[in-house]
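Peer 1: With the sequence up front, the predicted model follows.
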Amino acid sequence: MSFRTASTTQQRQSLMDLQRTQERLAKNQTRITTGSRITGPSDDPTASASILDFNNSIQVNTQFIRQADAALSYLAPAENNVASAIEATMRLQELAVGGSTATISELDAIRSNLLSMANAQSQGKYLFAGTATDSKPFVLANPADPTSQINYQGNAGQIRVNLDGNATNPNQVTTNLPGDTVFFGAGGLGSNTDIFKAITDLKAAFNANDATAVQTVRDHLDLIFANLNKAQADLGGRQAGLLDLKDTYANFNATLESLQSAQEATDYPKVMTDVTADETLQSVTLSTMAKTNKVNLFDYLT
Amino acid sequence: MPGLNASLYLGLSGLQAQQSALSVVGQNIANVNTPGYTRQRADLSSNLSLTEGQLYFGTGVSLTSVQGIRDRFLDLQIYRETAKQSGASDRFAGLNAISTSLADTGSSGIGAQVQAFFQGFQDLSAQPESAALRTNLVNKAQGLISALKTRYQLLEDQRNNADQAVGSLVTQVNTLTDQIASLNQRIMTESSPGANNDARDQRKALTDKLSALVGINVFEGAKGEYQITLDSGTGILVNGTSSYQLSASPGGALDGKSSILLNTEIPPLAVTSSIKDGQLGARLDLRDNLLPGLQRQLDQLAAGLVQGVNQLHRTGYAADGITTAASAPPHPPLAFNNYFFVGDPANASNPGLPTGVDFTGNYKGMVSSLAIDPNIVMDSSLIAAAGVAGAKGDNANALAMAALQTAAGTVDLDGNGIGDSGTSYSNVIGNLISDVGNKTQLYETQTTAQQNLLTALQNQRDSISGVNLDEEASSMMTLQRGYQASARFISVINQLTDQLVNQFGR
């Protein structure tokens, strides 16, 4: 049997096919130039949503790497200051063994140095002030007398920084150590573990030439030394944890980026093949259209 | 035996019939490219014979009718599918226009801006004393607000475009239904059924146009007249020789957009929701359902953000360590409620959202009234990063607000006033993106499928009604030969007559 084909039919069909080929070509061209397989969300709605998820996770992880860096920027100077305080304590221990009234001026200097260490700042924050970071945590009871008692005016507040996106129970790191726990120790102001008091006591013992009192201060200095070491280990341990965490996040991001690119990146060999095929198809369609429209019976009537 | 004169007439009838049939071929050839043209066929039949005794002698041929070759049911089917095709392709065009911007997965998209806003809170939490980080947070919030507002406005613009198109489409529909009704008149009064081919062709072409504009059902009556109703079945556009006008009347539809009335009765019938397909149906659907649905999702997202951040912000303390909700306004006469975004503590249903925006209205208007509290814009030290009074370095509240980013149950999508379990901001944005993508893809696929179906139907109609030039050329040759032979026959009879009149008896 034969099927009647009207003169307009072929034209219509070829035109529609041609338009679709051109549309595909345009789309693939965009894929090549943008490097993204997805020219609009309708190309792959599911992948579009998951690309967004990947982007989001990568951004969030990057943010937590930044948070870790921010925490490190407080922990590292704090640790440096504690390390200096440890050196000062070791010098005090030496002086307690071999010292005399001649060393009193050095004791005063060490006390002033320790005071400025305790009032150290990073990025405008007092490191050892708890959350009262805008005012000096350690002050002289009598500002005119550098040898007067040193009081703590900060608080016990902890400054935490989030290290993951867990909303209810996030992984946090505390970026500070309240100054009283570092420089006054467990006993607090005026106790056996108050480093400033130890210096004052040592001075008094030298002045009185009281060997027993010097011995007592040496015992106290051992306690202070242990406390400062503990603080340093604490600060160091937190930093080590943060460095690990940064590595973990960086590796995780690398994985996520490769997954995202698998979803989003243009498959060049495939797209190029498609483009070549479509270009061939387009030229073949055009030439066929031109040929079939040329021929009909009227050409052969005389 | 018929006489010579009778034979002359027989030959003449042949000449006339072939010539008439040739003119039908000519008409077909002339209309080979006319849209909606139906090829015509000359029906020739032999005349009644003369009887002489027991013999029957033919008296030639006559052209009894010129028939259009058409399949009525195919036509009706094509009207229906045309409306569906134009409906799908217009919906696709409308959604495609907004999809790339709305579903931007890159750095300028809504997702990235929400992320950047909360990053601002994270950064601030590491150093709440820093004025620079506070300003940074305000800028990130501005970026987020403008990302949401731009998208919302884009949707609104598309809705307004659709609304404007509705008015002009209604006018076109009215012109067409008028013309169809008057063609109905000519068809109903034709001399014999199917005689007025050209009126039918014109009516078909007009109905094709009409069906692209508005979804219709077409029925053909006993006298060949069309009765046309809207595609939902309610509302008569054309009934025989009468047509009924549509009108777009301002107000009456969602958000004060114009509603469509059909003037079949008094008062006019409201048919806004009775038009499903065609360009008009697609525009109405975009205007009243598809685009507002996306706007609602943006409103819900913004409401979730504002309420979450504001409620926490109100419990916190500014950089000076004292400013709380109870304090006197820091920048009189601007009232300050210790909210980050503009909000109203007296909003009964959703405290923290702006006045008049709440779950009972599905948070409508949230994006429009979204703004940072003007006090905070003037003075970023008012951002309540601290969770306890008097501690400038405390960041507990900044941390709490930053944690909202990934918290679940922060957005209320079902409109009950309570955050839905499992919805975080990024989930809602992901859903929005895949929703836009899926809808666009749906109408894209539907457009292609309808286009294929329509092309197949049109090809089928053409195979019945279309003009094939080869076919016409061959009938032209046949008719030409028939004409030549008839002429020859007349000339032979003429010679016989000559023989009889002039040569006989010499």
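Peer 2: Received the coordinates, thanks.

Peer 1: mind checking pLDDT for B:Ala326?
Peer 2: pLDDT for B:Ala326: 63.

Peer 1: Tell me how far A:Ala47 lies from chain B.
Peer 2: 9 Å (CB to the nearest CB, to the nearest Å). All C-beta atoms are positioned from the backbone trio N, CA, C, and that covers glycine.

Peer 1: I figured that residue was touching A:Ala262, is that so?
Peer 2: No - judged on CB atoms under 8 Å, A:Ala47 makes no contact with A:Ala262 at a distance of 9.8 Å.

Peer 1: who has more neighbours, the two?
Peer 2: More crowded of A:Ala47 and A:Ala262, by other CB atoms under 10 Å in any protein chain shown: A:Ala47, with 20 against 12.

Peer 1: Doesn't the more buried one belong to a strand?
Peer 2: No - the assignment for A:Ala47 (DSSP: H, G, I helix; E, B strand; the rest coil) gives helix, which keeps it out of a strand.

Peer 1: got the contact list for it?
Peer 2: By CB atoms under 8 Å, 6 or more residues apart in numbering or on different chains, A:Ala47 lies in contact with A:Arg37, A:Ile38, A:Gln263, A:Glu264.

Peer 1: could you pull out the strands for the chain?
Peer 2: By default, I'm working from chain A. A:121-122, A:125-126, A:138-140, A:150-152, A:160-162, A:172-174 (DSSP state E).

Peer 1: actually chain B
Peer 2: Using DSSP E, strands in chain B cover B:40-46, B:50-52, B:55-57, B:61-68, B:216-220, B:226-230, B:236-239, B:242-243, B:246-252, B:258-262, B:269-270.

Peer 1: Which of these sits closest to chain A?
Peer 2: Nearest of the strands of chain B to chain A, taken as CB to the nearest CB: strand B:40-46 at 12.6 Å.

Peer 1: tell me the mean pLDDT for that closest one?
Peer 2: Rounded mean pLDDT across strand B:40-46 is 92.

Peer 1: starting at the chain centroid, how far to it?
Peer 2: Relative to the centre of its chain, strand B:40-46 is centred 44 Å away, using CA atoms, centre = their mean, to the nearest Å.

Peer 1: what comes up buried for that strand?
Peer 2: B:Gln40, B:Ala42, B:Leu44 (16 or more other CB atoms under 10 Å in any protein chain shown).

Peer 1: give me the low-pLDDT residue ranges for the chain?
Peer 2: Just so you know, I chose chain A. By pLDDT under 70, the low-scoring segments of chain A are A:1-2, A:302.

Peer 1: nope, chain B please
Peer 2: In chain B, residues with pLDDT under 70: B:325-327.

Peer 1: Pick out the residue in it sitting closest to chain A.
Peer 2: B:Gly466 (2.4 Å).

Peer 1: For that residue, which residues are in contact?
Peer 2: By CB under 8 Å, 6+ apart, the neighbours of B:Gly466 are A:Arg4, A:Ala6, A:Ser7, A:Thr8, A:Thr9, B:Arg39.

Peer 1: quick one, phi psi at it?
Peer 2: phi -80, psi 160 (degrees, to the nearest 10).

Peer 1: now swap in A:Ala156 and tell me
Peer 2: phi -90, psi 10.

Peer 1: That one touches A:Ala129, doesn't it?
Peer 2: No - under the criterion of CB under 8 Å, A:Ala156 is not in contact with A:Ala129, lying 10.4 Å apart.
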